[in-house]
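Asker: Build the 3D model from these lines:
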Amino acid sequence: NVSMRWDFEHGDLEAAEQRAAVVVEGMYSSPLSAPASIETHVCLASFDASGHLTVWTGVHMVFMYRKTIADTLELDWKQITVVQPPIGGSFGGKIDIDPIDFITVLLAKAAGRPVRIHFSREEEFTGSRVRQPMHIRLRTGADAEGRILFRDADVVSDNGAYNAWGSHALLVVMQTVSSLYRVPVSRVRSRVVYTNKMYGGSVRGFGNPEATFAVESQTDELADALGIDPIELRLRNANQAGDVTPQGMRITSCGRTECLEAVRRESGWGRPLPDGHGLGAAAFIHVGGGARIYPSDGCGTIVKVDESGAVIVISGASELGQGSETVIAMIAAEEMGVPLEAVSVRNSDTDLKPWDVGAHASRTTFVAGNSARLAAREIKEKLLETASEVLEAAPEDLLIEDGVISVRGVPERSIAYEKVVRRRLLRQGGSTLVADAFYDPPTEPQDSRYVGNISAAYGFGAHVAEVAVDVETGLVNVINLWTAHDVGRAINPLGV
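Answerer: Alright, predicted model coming up:
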């Protein structure tokens, strides 16, 4: 029942094992779990008199969804519109197409009228994607000073009765095993197996939580075997800016060390604790600048300004409740120099919005945000070009702040941007203020050996938890949690 294999190897494992002062080994398993978003799966489909299909659904990869509907049901994808209403949560559970979507479309076609299917909570648990159980046998070796020499993983992923996105979660497991800390030699042998369970999906983290649980559990065991403090061991092996991991992930900025030091300091690591209490530490790495799993990892944006000065940003990005529309509006407003309240983001359907891969891999702020920034920059250049006629100054000598365009160093020579918009539009030979941009991050797909810098940036973090354990029942209560994340520049600090 093995349906897929994903294997990676880098370096001389046998030689690294011979140099190791300590080798620890263990089996780490994670259970099946459901995304359990507040809104369950809903799909509404309708064919008009000409045969044009419109689908309303909570999927967050709308363009991939449209093509899959067309290919599977032998429809003309030019005659399909996918409308993306506000999504009541997903956590990866609605990333792709599901049986409910095909069934709804087929029923609408047969009935000749709109059809809507809405899962009950029970149906949500039995008829949609889950986080697939994984079993990871892991071996880690280190020298006497605590430098990790190798990791060797054998992974089985129980992906249920069908393969979809979930089968590829092992690629993320591979990246965590090879790239969480400095690991000069690594090997991952993994298998996807069929079972008679619900099929696996891309639930939040997409394989990373399972792999991080295994790696960080074993890192603690390695520290114990070496007699080294667990956080000190992590610091000795922390990723650093300029590193290239065995899989070719090029780490640019990196706050791994700072995160570990911050949680060690804030938690009072090493302080005396009451009986039954303990402190535990863990860290992570994750993509943060896209994840090139398609030929394009890009996102399109259209920005237009009407005669009132209202700025409309039409983004290809998908809003799942994660706040992407707020971030995109903030980026566009800052780039243009206009008040945030003047900007609104529209994100409706495949007939209007430009192409985007979809919301996955923590890519939206970086990829869609850069796309919005480029389009907003072009609008700004057009505004300055027209304002230069009024203010009798070169465009490069003008600036826009809080919606007011002025001459540098001469603030009294100024004009509201709304007036500039109308001057450009409402005159003989005028023109609209519209710009578009498409941003595809500077990344590369993995080659046949699973090597390639798939993300333009990587996120890092560290946590310390204080727990109380009832030694008789095994009940664990979390008393406190300290976290430090390297998020780069916080576009929306309230969202961090």
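Asker: Can you tell me how far the residue nearest to His277 when sequence neighbours are not counted is from Ile479?
Answerer: Spatial nearest neighbour of His277, chain neighbours left out: Ala468 (5.2 Å); criterion: C-beta to C-beta, 6 or more residues apart in numbering. Yep, even glycine has a C-beta here, placed from its N, CA and C like the rest. Ala468 is 6 Å from Ile479, where distance means C-beta to C-beta, to the nearest Å.
Asker: intersection of neighbour lists for the two?
Answerer: His277 (C-beta atoms under 8 Å, 6 or more residues apart in numbering).
Asker: Just the pLDDT for the residue lying farthest from the centre of the chain.
Answerer: Each residue of the chain has a distance to the centre, and by C-alpha atoms, centre = their mean the biggest one is for Gln428: 46.7 Å. The model reports Gln428 with a pLDDT of 84.
Asker: Show me the shaky parts of the stretch 51-200 of the chain.
Answerer: Along the stretch 51-200 of the chain, no part satisfies pLDDT under 70.
Asker: can you give me the strands for it?
Answerer: 53-57, 80-83, 115-118, 134-142, 148-158, 185-193 (DSSP state E, counting those that start in this stretch).
Asker: What strands flank the fourth one, and is each parallel or antiparallel?
Answerer: Partner strands and pairing direction for strand 134-142 (DSSP bridges) are strand 22-30 (antiparallel), strand 148-158 (antiparallel).
Asker: The residue nearest to the spatial centre of the chain: what's it in contact with?
Answerer: A centroid search over the chain (C-alpha atoms, centre = their mean) returns Ser362, at 1.3 Å, as the residue closest to the centre. Going by C-beta under 8 Å, 6+ apart, Ser362 touches 286-288, 459.
Asker: let's see 10 Å
Answerer: Counting by C-beta atoms under 10 Å, 6 or more residues apart in numbering, Ser362 touches 204-206, 286-291, 322, 455, 457-459.
Asker: Between the two ends of stretch 110-123, how far is it?
Answerer: Start-to-end span of stretch 110-123 (C-alpha to C-alpha, to the nearest Å) is 23 Å.
Asker: any idea how far stretch 375-395 is from the chain center?
Answerer: 35 Å (C-alpha atoms, centre = their mean, to the nearest Å).
Asker: Output the strands paired with strand 134-142 in JSON lines; the columns should cover mean neighbour count.
Answerer: Shown next, in JSON lines, are the strands paired with strand 134-142 (neighbours: other C-beta atoms under 10 Å):
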{"stretch": "strand 22-30", "mean neighbour count": "16"}
{"stretch": "strand 148-158", "mean neighbour count": "23"}
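Asker: His60: which of those is closest?
Answerer: strand 148-158 (22.7 Å; C-beta to C-beta).
Asker: Give me the angle between the closest one and strand 185-193.
Answerer: 0 degrees (axes from the mean of the first three to the mean of the last three C-alpha atoms, to 10 degrees).
Asker: who are the neighbours in contact with the nearest residue to His10 once chain neighbours are set aside?
Answerer: Nearest residue to His10 in three dimensions, chain neighbours excluded: Pro246, at 3.7 Å (C-beta to C-beta, 6+ apart). By C-beta under 10 Å, 6+ apart, the contact set of Pro246 is 8-11, 151, 174-175, 177-179, 182-188, 450-451.
Asker: give me that answer again for 7 Å
Answerer: By C-beta atoms under 7 Å, 6 or more residues apart in numbering, the contact set of Pro246 is 10-11, 178, 183, 186.
Asker: And the helices in the stretch 1-150 of the chain, which stretches?
Answerer: Applying DSSP state H, counting those that start in this stretch to the stretch 1-150 of the chain gives helices spanning 13-19, 62-73, 99-111, 121-127.
Asker: Now find how far off-centre the second one is within its chain.
Answerer: If I follow you right, that is helix 62-73. 22 Å.
Asker: what comes into contact with that helix?
Answerer: 55, 59, 75-77, 80, 82, 84, 97, 101-102, 105, 318, 350, 355-356, 358.
Asker: give me that answer again for 10 Å
Answerer: The contact list for helix 62-73 (C-beta under 10 Å, 6+ apart) reads 45, 53, 55, 57, 59, 61, 75-84, 94-98, 101-102, 105-106, 109, 294, 316, 318, 347-350, 353-359.
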